[in-house]
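[1] Here is a sequence together with a model predicted from it:
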Amino acid sequence: MVQVSPSIHNLSSLRKSLNSNEIGRQIYQTISRLYPICRSITGNGVRETLKILQEHIPLEIAEIPTGTEVFDWTIPKEWNIKDAYIKNSRGEKIVDFQECNLHVVNYSVPVHKTVSLSELKAHLHTLPEYPDRIPYRTSYYKETWGFCLSHTQFLSLEEEEYEICIESSLEPGYLTYGEYYLPGETREEILISCHTCHPSLCNDNLSGISLATLLAKHLSQIQQRRYSYRFLFIPGTIGSVTWLALNEQNVNKIAHGLVVTGVGDAGKYTYKRSRRGDTQIDRAAIHVMQHSGSEYQVIDFFPYGYDERQYCSPGFNLPVGCFMRSSHGQYSEYHTSADNLSFVQPEYLGDSFAKFLSILHVLENNRTYLNQNPKCEPRLGKRGLYRAVGGHAEEQVNELALLWVLNLSDGEYSLLDIAERSQLSFDVIKQAADALAGCELLKAKPEPVMKA
Amino acid sequence: MVQVSPSIHNLSSLRKSLNSNEIGRQIYQTISRLYPICRSITGNGVRETLKILQEHIPLEIAEIPTGTEVFDWTIPKEWNIKDAYIKNSRGEKIVDFQECNLHVVNYSVPVHKTVSLSELKAHLHTLPEYPDRIPYRTSYYKETWGFCLSHTQFLSLEEEEYEICIESSLEPGYLTYGEYYLPGETREEILISCHTCHPSLCNDNLSGISLATLLAKHLSQIQQRRYSYRFLFIPGTIGSVTWLALNEQNVNKIAHGLVVTGVGDAGKYTYKRSRRGDTQIDRAAIHVMQHSGSEYQVIDFFPYGYDERQYCSPGFNLPVGCFMRSSHGQYSEYHTSADNLSFVQPEYLGDSFAKFLSILHVLENNRTYLNQNPKCEPRLGKRGLYRAVGGHAEEQVNELALLWVLNLSDGEYSLLDIAERSQLSFDVIKQAADALAGCELLKAKPEPVMKA
Amino acid sequence: MVQVSPSIHNLSSLRKSLNSNEIGRQIYQTISRLYPICRSITGNGVRETLKILQEHIPLEIAEIPTGTEVFDWTIPKEWNIKDAYIKNSRGEKIVDFQECNLHVVNYSVPVHKTVSLSELKAHLHTLPEYPDRIPYRTSYYKETWGFCLSHTQFLSLEEEEYEICIESSLEPGYLTYGEYYLPGETREEILISCHTCHPSLCNDNLSGISLATLLAKHLSQIQQRRYSYRFLFIPGTIGSVTWLALNEQNVNKIAHGLVVTGVGDAGKYTYKRSRRGDTQIDRAAIHVMQHSGSEYQVIDFFPYGYDERQYCSPGFNLPVGCFMRSSHGQYSEYHTSADNLSFVQPEYLGDSFAKFLSILHVLENNRTYLNQNPKCEPRLGKRGLYRAVGGHAEEQVNELALLWVLNLSDGEYSLLDIAERSQLSFDVIKQAADALAGCELLKAKPEPVMKA
């Protein structure tokens, strides 16, 4: 169980107190518990998943009935599955859903019959280029059935009769999603969205679900949050379409947002910009990456990938980017059985968590200040501002940070602007701003706030 | 003779039906007919040239009298020439205008006398760096006479008496140019301008004249043109000055324009931007080049070169670029007898024609649309939009194109804007827009039109 | 003595008449005279220095009393020094202020006593990485004393008693600075600022002081200046703070400004942009560098370095850059005894002077013109504009310059804008503009002037 100290005041304190190895282990543990469950865009697998998350955070569960119209879409029938297998003529289960839920094409209609090899093959999916992996396939909007298996096994199938069985149901029911709202000083929100529709796939997206859960838990226990936070645990595409349709009047409160997925692998970080391309969340994420020492890439928005597609559709155009390590579809394990508990590791998860927190830290602390002594430099020495500082190398940086903050705090530059122009890290700039504010050389510029 | 099918509906259909090898041969054939004629900025050579073009298009011929004031300029006297030669002391014609009209300095005054070698040399022009080529020289505004010859021949001249004869006339007359106007749905025009003042020089600019003529012919026979088109066949500088002076009230109708010259050689393409630098014609031309697979360069506007100098003078500042292969003055054959029927080739001419048509295709089809389902993505599947598409690789591109068009059609992005941002070709984007408009997911944004 | 010809009309003529070798020698000579003097931010060394400069220009001397409040600062006590030494137990002067004034920490309080080696060492400063150099150290705002010496000598000190003596005074007095104002046609000013607080250091900043002095002298003797000029000879930081505090109402007249320092070494040129980053002075300086053929670097503003820190503080944000050769603190001789009369050389000083003058030349002559014949090109030939030009290569450049100036003189482009866009040098562009104005093809755009 995660222990959260009651003395955590704000996000800065949380960041300082954080042990990223420990948090990485906790995220990994959550992934491990969720891994065996067969999820889809609807059904009990999602409910079971959200119930486990409720052990950490008091998620509200929404159930939207089949047939509900959500913009151009309709909530589909609910899909559930108990079992599935292929038996050979000797009655041996050669493909078994209980061993790996990827074996069944997600949303397969029920079927139980005996078929020839050639009829069977028309319903089989493999990955010839990775012959030992089982692919992940879905058929949400076309009623059919199918099995996925390794290409190696596929090649070994003999000409005989096969008993195939998919004990599933596709009936009127509900689309289920989880939502968690944490109020802050302002009603302006930071939206964090992850998709819950994938079965046994770790990076895509148990890593995102678990990181978001632990993050929500930690944020819920700090005493002061500038922003309100909204966490969405939703099935991909239909989930964000549904949520946006039901919450259309409130999206104007979303000040910043991130879709989080694929944060457990060893790959370099990827930040995908929002459609607008240069919003504060884009700049905060990129700034953190630039100063992180980690390898990363920034990619421009394109209308493909995850739920940022919906948040950034032209009717909403929200400032929502996407935070990943290896990018969507750009790794060979993607959407295969190789995206498993070995592919994600605690150390990568912990580091992703720390990076994510650093991005939120920028947003929480990015304010614009006014230099109270704007004509010439003030005498820093007489205010003891040089002494606040330790070693020699660090001293120089901090003195420069003090001068940069003073020089640019004319009301036009936020701390993030100053960090970008000075090429110093946001942390160093914020530390300088705090020191200057402490001796009244700096005051926050009054800004309108959406009161909570 | 060029056969144009009566079934060509619009520029898209024209492009599809076009055989660029065939059109290249037709352009080359026109060049071949025009090659022997001695043109200048005035005179019968121009009239004869325009008459040949009238076999293709119903050019209107303008005759502007000598002495007419056009802005800071005055229409000069008309120059005509019947014959010219240099005979050596044995009466042999060693330089003969009938063999190559470049032998006479264009606009030479009449002369007939016997001169010493040294007096002759003061009137001879050669190219020591290309000793076998005859240079092209003019003297429009200073009354003089001269001969051009190969440097090899120049070196062989002996100390003797020479009979020189230039049977020319320089008298009050007219400046002649051709104009062809094709009305479209709007009175907004696309201006296509080429210069007709050069004698036997193929690339500069029989290639431009001939390409423009064939283009005009084809455009005249399609049933639907968005823009009106105006083709100008004018002498360089004085011709564009004259046309602008006579049409000053109407230049506001010029929405886009291209000067076309030097389109028959093997060199890489050159697009020279308009003075404004980022107008639609600039972007369309550059976009076509980027997606053409051909080598090309883009050069910024500079106030030298062809008639774009006048169209882009500050009092007009028209959106007119210049479309070339090898750039003005940047090839050694430029303004020499080596710019001949070997230097230009049907394949290059045909390819230039196809590129030119692609640029016009962008202009004709560049519209701004409004996504009719702007909140979240619409379901493309239920509208059969995925099925419209063939093979697998192309499918992915087209699906992305559909998503890009939907995502950016918020009224701010034209199709060209979308092509640029998505880095997909205009053709793919337009095809996607057509498909989306076909199922009413997209409607053209109402825009003011200058009715024809 | 510097001879200035009475026939110098304006800055263009001054530039042409200038012999940069000769001016380099004159600057070097001034440096040599000033070198032995022990300057500080206050005191007689500054007065003596300014008195020598008055041999060249009628500097006004300001004396601001100790205790005067200037923004966040207070004028400190005045420091003077007569002598200082360290004697060993045999009574030998082993460190002698008379030999090198860097030996004493600037602003040391008076002291005279006998100390052990270990007590002495607590007050000694050396440069282990450059063992033969004496460092330059100050302690303006903390009352202490100290000596600087070579690390080699430091290592040779033996365990014995030392007599130390600093015969200085730190008492209420004045801060002294020099100011020289040269009126021009407009009251808009060009500010040239240099710091006078360093003792025997040649590049930093006797080079700046001496260059500014000779520049002021030459500018004072030309007959026509567009701008007024203000030269400040002030101690670093406290001097600019003081001047800005006393002249707060008038800083709006500063149209352009340069801090000048470190202009005598062999290093490549450095231009440090103003805080605004793209003002006319920034563009003029960078343009001159680009066309100079000399190596140079451009660095962005940062709030450290010289008095540009104060001029560019957010309450003023003046268009003031910094002109140097080797950049502040980026050379090993910086703030050591190696910044001596060998480190600076006449040839570098003369070249720096010429560059500086070229920058001023741009500012003095950068005007916006209106093409009087904006529709199409005018006929240059009939105005003899082609003939004005000499050799063939230069002719082509100049013809292009004429065409560029005509093409861009629509009221939006200044001559500097035209030089930047055409990539021709300002000199060539100005020459073309003069020629065009001479035949009334160009007229200066009326602009508001702050009458002198």
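    Great, that's in hand.
[2] For the host helix or strand of A:V288, which helices and strands make contact with it?
    Per DSSP states H and E, A:V288 falls inside helix A:280-290. Contacts defined by 3 or more Cβ pairs under 8 Å, 6 or more residues apart in numbering or on different chains; DSSP states H and E place helix A:280-290 against strand A:254-260, strand A:269-272, strand A:296-299, strand A:320-324, helix A:346-365, helix A:415-422, helix A:426-438. All C-beta spots, glycine's among them, are computed from the backbone N, C-alpha and C.
[3] Which one of the ones you listed lies nearest to chain C?
    Nearest to chain C among the helices and strands packed on helix A:280-290 is helix A:415-422; the distance by Cβ to the nearest Cβ comes to 7.3 Å.
[4] Just list the residues touching whatever residue of the stretch 51-200 of chain A ends up closest to chain B, thanks.
    Across the stretch 51-200 of chain A, the shortest distance to chain B (Cβ to the nearest Cβ) belongs to A:D72, at 4.2 Å. With contacts defined as Cβ atoms under 8 Å, 6 or more residues apart in numbering or on different chains, A:D72 is in contact with A:241, B:373, B:376-379.
[5] Reformat those residues as TSV; add distance to B:G208, pLDDT and secondary structure.
    Compiled in TSV, those are given as follows (distance: Cβ to Cβ, whole Å; pLDDT from 0 to 100; DSSP: H, G, I helix; E, B strand; the rest coil):
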residue	distance to B:G208	pLDDT	secondary structure
A:V241	54	98	helix
B:N373	46	97	coil
B:C376	50	98	coil
B:E377	47	97	coil
B:P378	46	97	coil
B:R379	50	94	coil
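[6] Need those residues in TSV (columns: distance to chain C and neighbour count).
    As requested, these are arranged in TSV below (distance: Cβ to the nearest Cβ, whole Å; neighbours: other Cβ atoms under 10 Å in any protein chain shown):
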residue	distance to chain C	neighbour count
A:V241	45	26
B:N373	43	18
B:C376	42	27
B:E377	42	23
B:P378	45	23
B:R379	49	17
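[7] and those, which two are the farthest apart?
    In terms of Cβ to Cβ, the contacts of A:D72 reach their longest pairwise distance at A:V241 and B:N373, which sit 11.0 Å apart.
[8] mind checking the SS state of A:L120?
    Classification of A:L120 using DSSP: H, G, I helix; E, B strand; the rest coil returns helix.
[9] so what's it closest to, chain neighbours aside?
    Using Cβ to Cβ, 6 or more residues apart in numbering or on different chains and skipping residues adjacent in sequence, the residue nearest A:L120 is A:Y162, 5.2 Å away.
[10] Show me what the one you found is bridged to.
    When bridges are called by DSSP bridges, A:Y162 pairs up with A:V115.
[11] where's it relative to A:P128, distance?
    Between A:Y162 and A:P128 the distance, using Cβ to Cβ, to the nearest Å, works out to 21 Å.
[12] any weak-confidence spans in chain A?
    Applying pLDDT under 70 to chain A picks out residues A:1-6, A:387-397, A:452.
[13] can we see that at 90?
    In the predicted model, chain A carries pLDDT under 90 at residues A:1-8, A:141, A:381-398, A:447-452.
[14] Looking at the helices and strands packed on helix A:280-290, which is nearest to B:S32?
    Within these, the stretch nearest B:S32 is strand A:296-299; the backing value is 52.9 Å (Cβ to Cβ).
[15] That closest one pairs with which strands, and in what direction?
    Strand A:296-299 has the following strand partners under DSSP bridges: strand A:269-272 (parallel).
[16] Can I get the partner strand in CSV? Just the C-alpha atoms.
    Taking only C-alpha atoms (Å, rounded to 0.1, in the frame of the first residue of the first chain), the coordinates of strand A:269-272 have been written out as CSV:
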residue,chain,number,x,y,z
TYR,A,269,10.2,10.2,-24.1
THR,A,270,7.8,11.5,-26.7
TYR,A,271,5.7,14.7,-26.2
LYS,A,272,3.0,15.2,-28.9
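[17] so how far is that strand from its chain's centroid?
    Strand A:269-272 has its C-alpha centroid displaced from the chain centroid by 12 Å (Cα atoms, centre = their mean, to the nearest Å).
[18] and the gap between the residue of the stretch 301-450 of chain A found nearest chain B and B:K375?
    When distances are taken as Cβ to the nearest Cβ, the stretch 301-450 of chain A reaches nearest to chain B at A:G315, 3.3 Å away. If you measure A:G315 against B:K375 using Cβ to Cβ, the figure is 3 Å.
[19] So if I had to pick from those two, which one is more boxed in?
    Between A:G315 and B:K375, counted using other Cβ atoms under 10 Å in any protein chain shown, the more crowded position is B:K375 (19 against 15).
[20] tell me the phi and psi of the residue in chain A sticking out farthest from the centre?
    For chain A, the C-alpha farthest from the mean C-alpha position belongs to A:K382; by Cα atoms, centre = their mean, that distance is 47.3 Å. Dihedral angles phi and psi of A:K382 (degrees, to the nearest 10) take the values phi -70, psi -10.
[21] Tell me how many other residues surround the closest residue to it other than its chain neighbours.
    Setting aside the residues directly before and after it, A:K382 is nearest to C:Y141 in space (Cβ to Cβ, 6+ apart), at 7.7 Å. Burial of C:Y141 is recorded as 12 neighbouring residues (other Cβ under 10 Å).
[22] Within the helices and strands, which one has C:Y141?
    Element membership for C:Y141 (DSSP H and E) is empty, with no helix or strand holding it.
[23] Quick one: residues contacting it.
    Taking Cβ under 8 Å, 6+ apart as the definition, contacts of C:Y141 comprise A:379, A:381-382, C:76.
[24] just curious, which of those is nearest to A:S327?
    Lowest distance from A:S327 to the contacts of C:Y141 (Cβ to Cβ) belongs to A:G381, with 49.4 Å.
[25] Now the closest residue in space to the closest one that isn't next to it in sequence: phi and psi?
    Excluding its sequence neighbours, the residue lying closest to A:G381 (Cβ to Cβ, 6+ apart) is C:Y141, at 5.6 Å. According to degrees, to the nearest 10, the main-chain angles of C:Y141 amount to phi -110, psi 10.
[26] distance of C:Y141 from C:V70?
    Looking at C:Y141 against C:V70, where the rule is Cβ to Cβ, the gap reads 14 Å.
[27] Spell out which residues are contacts of both of A:V241 and B:N373.
    By Cβ under 8 Å, 6+ apart, the residues touching both A:V241 and B:N373 are A:71-72.
[28] how about the residues of the stretch 101-250 of chain A that lie near chain B?
    A:141, A:237, A:240-241, A:244-245, A:248 (Cβ under 8 Å from any Cβ of the partner chain).
[29] Tell me the residues on chain A that lie near chain C, please.
    Applying the criterion Cβ under 8 Å from any Cβ, the portion of chain A that neighbours chain C consists of A:371, A:373-379, A:381-382, A:400, A:403-404, A:406-410, A:422.
[30] Break chain A down into its domains, please.
    The domain map for chain A lists A:11-75+A:174-364, A:78-171, A:368-387+A:395-444, with the assignment taken from the TED database.
[31] Now tabulate the ones you listed in JSON lines and tack on distance to B:T270.
    Written out in JSON lines, the entries for those read as follows (distance: least, Cβ to Cβ, whole Å):
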{"stretch": "domain A:11-75+A:174-364", "distance to B:T270": "29"}
{"stretch": "domain A:78-171", "distance to B:T270": "44"}
{"stretch": "domain A:368-387+A:395-444", "distance to B:T270": "38"}
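[32] Quick one: closest of the ones you listed to C:A338.
    If you check each of the domains of chain A against C:A338 by Cβ to Cβ, domain A:368-387+A:395-444 wins as the nearest, at 22.6 Å.
[33] need the contact list for the residue nearest to A:S327 when sequence neighbours are not counted.
    Take A:S327 and drop its neighbours on the chain: the residue closest to it by Cβ to Cβ, 6+ apart is A:T270, 4.2 Å away. Going by Cβ under 8 Å, 6+ apart, A:T270 touches A:296-299, A:322-327.
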